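>>> the following block contains a protein sequence and its predicted model.
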Amino acid sequence: MQLSTDYMGLTLRNPLVASPSPLSKTVDGVRRLADAGVGAVVLYSLFEEQLRREAALNARLADAGAESFPEALSYFPDAAKEEPGPRAYVSMLERAVAAVEVPVIGSLNGVTPGGWAGYARAMQDAGAAAIELNIYYLPGGPEVSGRDVEQRHVDILARVKAAVTIPVAVKLGPHFSSTAEMALRLDAAGADGLVLFNRFLQPDIDPETLAVVSTVGLSSPAEARLPRTWIALLRGRVRAALAATTGVEEPADVARYLLAGADVVMTTSALLRHGFGHAGVLLDGLSQWMARKGFATVDDLRGILSVAPGTDEAAYERASYVSALRNANTSAYGPW
Ligand SMILES: Cc1cc2nc3c(=O)[nH]c(=O)nc-3n(C[C@H](O)[C@H](O)[C@H](O)COP(=O)(O)O)c2cc1C
């Protein structure tokens, strides 16, 4: 069975990629993910807030006339206690790259164009095989126009593309008036990969404590339908590689994404739920399914259930909506 896959020009031994999570926060975690069989690892994100904090610290150090960083840190005991910043991230990335055979992808999380480029370059210099831009942007202000939100994505990508020579993927959210046009704009702006989709954390409300509760819930396979629909629609319409993220729980979920047209399939929740070894379960199950269906390579099956270019996409989606409702009316839920 031939699982090897091209992703943004990188050769992966298989299409299963560990997406950013606490599992890829340490070199040991990255090693365990690679040992479990994944084709590549995307590190947890370096956050824009961490970049700003380090810049502020540097400014304070300069003001204090500090001569060496470790000595200077003792002037700022609070800063020393803060969570690891960009330098620690880049150092971890460098050690992770040395520790594993599979490509290690760095991840930058932010919503403004400034400040990223230098760190993208530092990640490249540390050996990152590629960079994933995790644009986690929820425009809460009602004055922000849709076009501005889109332009912000393009500007962030352009800044980073100008700073590095390694491939750059954009992990974007699903909430655009025209998601496909956004994907095409990012493609035209040079995105080497599109990671569909960022999963926004939606705070809950606890009626007992009368408080807003922010928690990171793990995904369920039903959530894969939205990214899968867009991957099926974008296949063959963009030059960028397509990476699927959300809702991969079992081998059939990997197969579904590949059939829709994903170049690689990412997983986080399932690994957090079942442990590192679950990557092997997903890969073994994928191989068994391919053997059962007579597919010798991943390329043989990739995209065979995508929406063929030349199809009237709007009519296609409308037809599937109408037929689904018609079936619901006459079968399980009907007649109404
Ligand atoms: C605890 C946790 C931490 C995460 N941290 C990051 C992160 O740092 N950067 C990022 O791009 N995505 C992050 N994600 C999102 C995942 O990479 C992934 O895109 C998302 O969970 C959907 O995939 P899944 O259904 O396989 O979990 C995180 C997810 C979880 C559950």
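The structure has been received and is ready for your questions.

>>> name the SS class of I131, please.
When classified by DSSP: H, G, I helix; E, B strand; the rest coil, I131 comes out as strand.

>>> so it touches A169, yeah?
Yes - using C-beta atoms under 8 Å, I131 is in contact with A169, at 7.2 Å. C-beta coordinates here come from the backbone N, C-alpha and C atoms, glycine included.

>>> need the overlap of contacts for the two.
Jointly contacting I131 and A169 under the rule C-beta atoms under 8 Å, 6 or more residues apart in numbering are I105.

>>> just how off-centre is stretch 209-229 within its chain?
Distance of stretch 209-229 from the chain centroid (C-alpha atoms, centre = their mean, to the nearest Å) equals 15 Å.

>>> quick one: end-to-end length of it, please.
Distance across stretch 209-229, first residue to last, is 38 Å (C-alpha to C-alpha, to the nearest Å).

>>> what residues of it count as buried?
Residues S219, P221, A224, L226, P227, R228, T229 are the ones in stretch 209-229 that count as buried (16 or more other C-beta atoms under 10 Å).

>>> and those residues, which two are furthest apart?
S219 and T229 (15.8 Å; C-beta to C-beta).

>>> if we can go back for a sec, can you narrow the buried residues of stretch 209-229 to ones near the ligand?
S219 (C-beta under 6 Å from any ligand atom).

>>> and the buried residues of stretch 209-229, which is closest to the ligand?
Closest approach to the ligand among these (C-beta to the nearest ligand atom): S219, at 3.1 Å.

>>> gap between the residue lying closest to the closest one once chain neighbours are set aside and the ligand?
The shortest distance from S219 to any non-neighbouring residue, by C-beta to C-beta, 6 or more residues apart in numbering, is to S269 (4.4 Å). Here S269 is placed at a distance of 3 Å from the ligand (C-beta to the nearest ligand atom, to the nearest Å).

>>> can you pull the contacts of S269?
L218, S219, G247, V248, E249.

>>> for those residues, which two are the farthest from each other?
L218 and V248 (11.4 Å).

>>> which parts of the stretch 51-200 of the chain are helices?
69-73, 77-81, 86-99, 116-125, 146-163, 179-188 (DSSP state H, counting those that start in this stretch).

>>> is the ligand contacted by the longest strand seen in the chain?
Using DSSP state E, we find that the single longest strand of the chain is strand 40-47. Yes - applying C-beta under 6 Å from any ligand atom, one finds strand 40-47 in contact with the ligand at Y44, S45.

>>> do the same with stretch 110-119
No - shown here: stretch 110-119 not in contact with the ligand (C-beta under 6 Å from any ligand atom), separated by at least 10.9 Å.

>>> what comes up buried for stretch 123-137?
For stretch 123-137, by 16+ other C-beta under 10 Å, it's 123-124, 126-137.

>>> what does stretch 172-187 give?
L172, G173, P174, F176, T179, M182, A183, L184, R185, L186, D187.

>>> cool, and stretch 139-156?
V149, E150, R152, H153, V154, I156.

>>> convert the C-alpha atoms of that stretch to CSV, please.
Output of stretch 139-156 as CSV, limited to C-alpha atoms (Å, rounded to 0.1, in the frame of the first residue of the first chain):
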residue,chain,number,x,y,z
PRO,A,139,-14.1,40.6,14.0
GLY,A,140,-16.2,41.5,17.0
GLY,A,141,-16.5,45.2,16.0
PRO,A,142,-19.6,45.9,14.0
GLU,A,143,-17.8,48.6,12.0
VAL,A,144,-15.3,46.1,10.5
SER,A,145,-16.3,45.3,6.9
GLY,A,146,-16.1,41.9,5.3
ARG,A,147,-13.7,43.2,2.7
ASP,A,148,-11.4,44.5,5.5
VAL,A,149,-11.4,41.1,7.2
GLU,A,150,-10.5,39.4,3.9
GLN,A,151,-7.8,42.0,3.1
ARG,A,152,-6.2,41.4,6.5
HIS,A,153,-5.8,37.7,5.7
VAL,A,154,-4.2,38.5,2.4
ASP,A,155,-1.8,41.2,4.0
ILE,A,156,-0.7,38.8,6.7
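
>>> please renumber so the chain begins at 104
Happy to do that; since the first residue is 104 now, the last one works out to stretch 242-259.

>>> now it: how far from the chain's centre is it?
Worked out by C-alpha atoms, centre = their mean, stretch 242-259 lies 20 Å from the chain centre.

>>> and the average pLDDT for that stretch is what?
Averaged over stretch 242-259, pLDDT sits at 91.

>>> and stretch 364-381, by the same measure?
Mean predicted confidence for stretch 364-381 is 98.

>>> same check, this time on stretch 269-281
So the average pLDDT for stretch 269-281 ends up being 96.

>>> partner strands of the longest strand of the chain and their direction?
strand 119-121 (parallel), strand 207-212 (parallel) (DSSP bridges).

>>> of those, which approaches M104 most closely?
The nearest among those, by C-beta to C-beta, is strand 119-121 at 13.4 Å.
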